[in-house]
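Novice: sequence plus the predicted model coming up.
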Amino acid sequence: MTSFGSVLRSLDWSYLTDLLIQLIPALLCIMIHEICHGAAAYALGDRTAATQGRLSLNPLHHVDWFGLLMLAVFHFGWAKPVSVDMRNFKHPKRDMAITALAGPASNFLLAALALFLYGLLWRDLYAGGAGRFVIRLLQYMAILSISLGLFNLIPIPPLDGSKVLFSFLPDRAYVRLMVLERYGMFLLMALVLILNRAFDVSPVARATEAVYNVFFRIAVFADSLRG
């Protein structure tokens with residue numbers, strides 16, 4: 001008979017650690033992205049997200065499970081959208097654009113922080129098993145954060161980039177295009193499938209790699225602080 005300890009030792013823990021390295025950053029990226037949307041709206045006069053509990057640090061308040069799976073596996077995804085009532089803004093289109101930009105901006109800041117910690121800690125952590133887990137998690141968090149930020153800047157509803165682009169349009173055109181938001185996800189999915197078939201590496205992945213290489217200078221700087 002096989003003991004409980006023997007069963008545990010026989011498990012392939014690499015599968016579990018790889019899964020955690022994908023899911024933990026995905027949850028954090030989505031949660032921070034949505035909280036920053038809500039916080040920006042709150043600062044600009046709309047408390048809708050706050051009253052709906054969307055300023056919470058509980059990731060379950062923000063997760064769309066299919067969107068989380070897409071983010072973890074394909075590096076693009078989405079969360080439950082934060083509700084925003086533009087009527088509460090003093091300058092509706094401008095403030096909506098600022099609220100929209102808060103999400104991607106938070107992802108780029110999170111990536112910068114992850115790479116700073118990576119550069120600061122990798123010498124100490126790389127030697128140990130648990131340390132390598134932390135290092136890989138920080139690297140993946142940076143990649144995923146950049147990817148999520150870039151993906152959300154695509155100007156197709158309901159992504160954040162569309163709210164920024166549409167803010168420059170006349171009011172009548174703005175209202176008409178915002179109505180398309182309910183259908184935008186289908187258009188977006190079709191576009192992603194077409195691009196993935198047309199290119200060996202998707203444009204979002206190429207852009208993510210380029211931005212990551214620039215951001216990696218933060219890790220190099222943090223490492224230089226160690227002397």
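Specialist: Structure received.
Novice: need the phi and psi values for residue 172.
Specialist: Torsion angles at residue 172 (phi, psi; degrees, to the nearest 10) stand at phi -60, psi -40.
Novice: okay, now it: neighbour count?
Specialist: Using other CB atoms under 10 Å, residue 172 is surrounded by 8 other residues. (C-beta placed from N, C-alpha, C; glycine too.)
Novice: one more: residue 66?
Specialist: Counted with other CB under 10 Å, residues neighbouring residue 66 total 10.
Novice: where's it relative to residue 189, distance?
Specialist: 11 Å (CB to CB, to the nearest Å).
Novice: do the same with residue 38
Specialist: Look at residue 38 and residue 189: by CB to CB, they are 25 Å apart.
Novice: between those two, which is the more surrounded one?
Specialist: residue 38 (26 against 12).
Novice: and the more buried one, what does it touch?
Specialist: 49-50, 54-55, 82 (CB atoms under 8 Å, 6 or more residues apart in numbering).
Novice: same check on residue 115?
Specialist: By CB under 8 Å, 6+ apart, residue 115 lies in contact with 138, 142, 215-216, 218-219, 222.
Novice: what's the closest of these to residue 105?
Specialist: Residue 105 has its nearest neighbour among the contacts of residue 115 in residue 215, at 13.7 Å by CB to CB.
Novice: and the closest one, which helix or strand is it part of?
Specialist: Using DSSP states H and E, residue 215 sits in helix 203-224.
Novice: low-confidence stretches in the chain?
Specialist: 1-13, 15, 71-77, 128-129, 180-185, 195-196, 199-201 (pLDDT under 70).
Novice: how about the helices of it, start to end?
Specialist: With DSSP state H as the definition, the chain shows helices at residue ranges 4-10, 13-43, 48-51, 65-74, 92-125, 129-152, 160-166, 171-179, 181-198, 203-224.
Novice: so for the shortest one, what gets flagged as buried?
Specialist: Right, helix 48-51. Buried residues in helix 48-51, counted by 16 or more other CB atoms under 10 Å: 48-49.
Novice: would you mind putting the CA coordinates of it into PDB?
Specialist: Below are the C-alpha coordinates for helix 48-51, written out as PDB (Å, rounded to 0.1, in the frame of the first residue of the first chain):
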ATOM      1  CA  THR A  48     -21.400  54.000  -8.700                       C
ATOM      2  CA  ALA A  49     -18.500  51.600  -8.500                       C
ATOM      3  CA  ALA A  50     -18.000  52.300  -4.700                       C
ATOM      4  CA  THR A  51     -21.700  51.600  -4.000                       C
END
